[in-house]
Every structure is written in C-alpha cells, then in structure tokens.
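1. Here is my input; please provide its structure:
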Amino acid sequence: GVALQDVLDVMTSGKIMIPQMEVLPTAVVANPDLPPELEIRFDMEPPHAPSVQDDELPINWQLRFLHNQLFKALEFPSRFCPGPFHSTILRKAEFRSPKHSKAYFAKCEQVLQEWRIEGPKPLNTLPRTLTGEVIAEEAGDKDDGADEKPMEEAAADTDKPAEEAAADTEKVTEKAAAAETKEEEGTEEKPAEEAAADDEKKVEEEGAAAEPSPSTPPAAANHSGVWLFTDRENISHFFAPNFLPPYNTPEKKKLICDVLSETWDEKTLSWKPTPKKQAPFISKLSNITIPTLPSTPASVTSKHKKKTQKKKEPAPEPIFDSNISIQLNPAEGTRNPLSGGKFLSVSNNGKLVLLPKWNKSRCTFMLYRVGDEAIAIKFHAGGVEKNQKWVGLNMMGSPMCNANAFGGPSATWKCENDWSSTPLMNEAGGWGSAGSYLKVEGTATISLVELKERKKAALWNIKNLEDE
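-> Below is the predicted model:
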C-alpha cells in the first residue's frame, strides 16, 4: 500500500488535476462470484480515447482522468485495483427464482435509463465538513433561494394557530407600507438624462451578476471533489476541485485527452494505449456485398489445385469498433411467428439464444473490424471482462459463444448491404461446408444453414448503440 502522508503530499502538491466530479451509473451487474456480488458500474462510455475534435467528452471521464493521474504519481508494486469504476451494493446475492432475478435487473435498467435522461450529476453540491454537515455560506455568497427555510421548518410554520398567523401577516404588511412611505419621502426627482444613465448602469450591473464568466464559474457550484476515507463510514480528508469547468476549451480538452490516452492494465500491471475510435464501420459496410464463392470446374484436378493453391495468410487482428445490438428482423415473424423481433443473447453455457425484450447486460455485443470486409462479434457480458467471449463456431461446427481468444475464420462474420435486414455468414461453415448462415428454428433455436439455402437464413437488424 501507500503511506497516508505520501497520499496527502501528492493530493496537496497541486500536480493532481481534480475536476468537478460529475458521474452517471452505467449498469447494475452481477459479478462472476458464486453467489455473486451486485455492482453499480460507472464505466467510461464510450470506452475510446477521446480527441480534441470530439463534440463531447465521454461519460464518467472524470473517474479515469483522476485514476490515471494517481497511478502515475503513486508508484508501488501492488498497483492493482480490480474493477475500479464500480461500487458493490450487495454481497452473496441470491434470488428466489430466475424470474425474480430478471424482474430485478429489468427494474434496475429502467432506473438507469431515467438517470441517463437527466445526465451526469455532481456527487455533492454544497460545502460540507468532514462529518457531512453543510458549512454555512457567507451572506454575500447566498443565492436567491438561500433564505428559504428547510422543508421541516417550513412545514412547522404552517401549523401556527390562525390568529397568530394573521397577526404575523398584519405585521409584515405594516412594515412593507412603512418602508414604501419612507422610500417615497426620501426620493428626489432626477433630471431625465441622469435617470436614464442610472437605469442603464443598473441594467449592466444586473446583467453582469446574472451572467458569470464561463471561465470562472462560481465556487459554490464546484464542491464535488475527492474524499479520503479511513473506513466505510469515516472521512478523514477532502480535496476540493482545482481543475474547474468548462472542459470544452481546446486547452483543457488537450489536457484531458492526453491523460486518457493510456489505460492501466490490471493483469500485466502496466500501461497500454487506450483504443481509439474507428471510423463508423456499419456505414462503411453499407456498400459491401458478400462475395459469392465460385464453384471449382470439374476439369481442374486435385493435383493442379495443390500447385496453384496459394498459402493462406493469417487472419487480421480484430479492432474494436462499437457496441451493438443484434435483433431478429421483425419480418422473420412471417416464417417464425414466435421469434420475430427477439434479441440475440448468450446463455450461461455459451449457447446463442433469443430474448423477447432488450436487456442491456444480456443483449449488448461488441463489434470488431477484421480487415476491410469482415467483422467479429464479442459478448459484452455487462462489462465483466472475464465473461466476454467471442461468437463463432465450435469444433463441431455449431454456433456458440464460449471462446476466450479470437478464432480466426471460425469467429469471422460477414453481412450484406442493408444492416437492418442482413443474414450473418460465417466463412468457416460447418462440417463439409464452405460457409454457413445463422438460422433460427422454432422460437429460439439457432443453428446453421448452407450458403446455397440463403432463403432459409435468419435476417438480423444490427444497430450501433452509440447512435441510439
């Protein structure tokens, strides 16, 4: 670990840029433990390295921005922080039934979507002591609502007897009338030009007060910094933000992008480049069609084939592009009335299945580029890296999602022009096949069909979730 004084020295050195911490929960997931822990995720979305040209910074960029700086400044052998961007809310979670589990996570997803609509929020909006009490602000720092009473006190005032409340109202009215009379008596009529100048000056002053400079936001708006805890309940130190908004200026964007250009690899305990966002891949494939596989002329002998056959080049490495959903095209309902519109998912044993409704943790996949024409698909698994597997064909030629490593042709897929209604083709195919399409049988059984039976192939609607 790190000595407390070393942490304090770093945090108070002025070298650590502490932004206004505004975060947004991105998922509620069950980790791989048995029984699992329930975690609220605060992942950076999208996970790509941002650039100065981007219109907006990623959600929760502040967490990784601070995390990277601390890992650079505090060097020690055990810089291991498993799943740093989450909060455990329950250990050894067990549900009465799969139905109850599904209902719980569906409710969580509904709440998360409501939070997404409101956007990231600060962890704290008022100056506080280390024990959590709000620090009284100076009179000059109070806003228009600063004189309002807390809800409890306001409610208590409404319980006064009618006579007492009427007397209070009468007193307030008399004071207001007296003040108005005094103001009228002390008012002298000014020349028109001088009065106009006074009015113009007053408007300018009010405008300046109402529109603070964006480069110098009011201090009262930036109380969401970093807290150092002795244990789960006791705070020992607080470090206020020193890297203040706005963050959309070229200078600040460059500072942020430089820090986020690297990611700490908790497996190798070393830095690696943060993946950069690739050009939109789906739109690029819109003009690409699946090449037809020519049949071999009967006149070509097997001996001649061996002489002319070129040595196969290794498959290109997959490059991450975006998160996607894969929905069975509603038009499939004409052939499979009970399966049209369902979403592709993965069962606990790695089989491809269909779910009737969208579920972020179960229906999100990661799209990868493989060369210029092909793609690879990886199950997102709610962001739990150890559960993320490649979609491909197993040794028996059946569609599965259980491969830890990219399997080349068996995990490579191609689509047709229209990604809202395209088959998914795997060039490796099954036993004795030169290629296969995914096929849906009945309500949820996913299998393969040969290329020559294109009409039996399932049609999928593939959407880029970042465009939703």
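
2. so where do the helices sit in the stretch 301-450 of the chain?
-> Remark: helices assigned in the stretch 301-450 of the chain by DSSP state H, counting those that start in this stretch are 302-308, 360-363.

3. outside of the shortest one, which residues touch it?
-> By CB atoms under 8 Å, 6 or more residues apart in numbering, the list of residues contacting helix 360-363 from outside reads 27-29, 105, 109, 112, 325-326, 343-346, 355, 380-382. C-beta here means a position set from N, CA and C on the backbone, and glycine is covered the same way.

4. hey, least reliable of the helices of the stretch 301-450 of the chain by pLDDT?
-> Least confident of these, judged by mean pLDDT, is helix 302-308 with a mean of 48.

5. which residues sit in contact with residue 411?
-> Taking CB under 8 Å, 6+ apart, we find residue 411 in contact with 376-377, 390-393, 403.

6. 7 Å instead, please
-> Applying CB atoms under 7 Å, 6 or more residues apart in numbering to residue 411 gives the contacts 376, 390-392, 403.

7. Run a quick neighbour tally on residue 426.
-> 24 (other CB atoms under 10 Å).

8. residue contacts, it?
-> Residue 426 makes contact with 393, 412-413, 435-436 under the criterion CB under 7 Å, 6+ apart.

9. Farthest pair within these?
-> Spatial extent of the contacts of residue 426 (CB to CB) is set by the pair 412 and 436 at 12.1 Å.

10. okay, and the helix or strand of the protein with the least pLDDT?
-> Within the chain, judged by mean pLDDT, DSSP states H and E, the helix or strand with the poorest mean is helix 151-157; its value is a mean of 39.

11. just the strands in the stretch 351-468 of the chain please.
-> 352-355, 365-370, 374-379, 390-393, 399-403, 413-414, 425-426, 436-441, 445-450, 460-464 (DSSP state E, counting those that start in this stretch).

12. closest to residue 36 out of those?
-> strand 374-379 (17.1 Å).

13. related to what we said a few turns ago, is it possible to get TSV of the contacts of residue 411 that adds pLDDT, neighbour count and distance to residue 229?
-> Below are the contacts of residue 411 laid out as TSV (pLDDT from 0 to 100; neighbours: other CB atoms under 10 Å; distance: CB to CB, whole Å):
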residue	pLDDT	neighbour count	distance to residue 229
376	93	25	42
390	93	22	39
391	94	26	41
392	90	23	45
403	88	17	41
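
14. which among those residues gets closest to residue 458?
-> Closest approach to residue 458 among the contacts of residue 411 (CB to CB): residue 391, at 13.9 Å.

15. got the contact list for the closest one?
-> Neighbouring residues of residue 391 by CB under 7 Å, 6+ apart: 377-379, 401, 411.

16. cool, and residue 64?
-> Taking CB under 7 Å, 6+ apart as the contact definition, residue 64 lies against 44, 260.

17. hey, C-alpha coordinates of the helix or strand that contains it in CSV?
-> Assigned by DSSP states H and E, residue 64 falls within helix 61-73. What follows is helix 61-73 as a C-alpha-only set of coordinates in CSV (Å, rounded to 0.1, in the frame of the first residue of the first chain):
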residue,chain,number,x,y,z
TRP,A,61,-14.3,10.6,-17.9
GLN,A,62,-13.5,12.3,-14.6
LEU,A,63,-13.0,9.0,-12.8
ARG,A,64,-10.5,7.6,-15.2
PHE,A,65,-8.8,11.0,-15.6
LEU,A,66,-8.2,11.1,-11.8
HIS,A,67,-7.4,7.3,-11.6
ASN,A,68,-4.7,7.6,-14.3
GLN,A,69,-3.0,10.6,-12.6
LEU,A,70,-2.9,8.8,-9.2
PHE,A,71,-1.4,5.7,-10.7
LYS,A,72,1.2,7.7,-12.4
ALA,A,73,2.1,9.7,-9.3
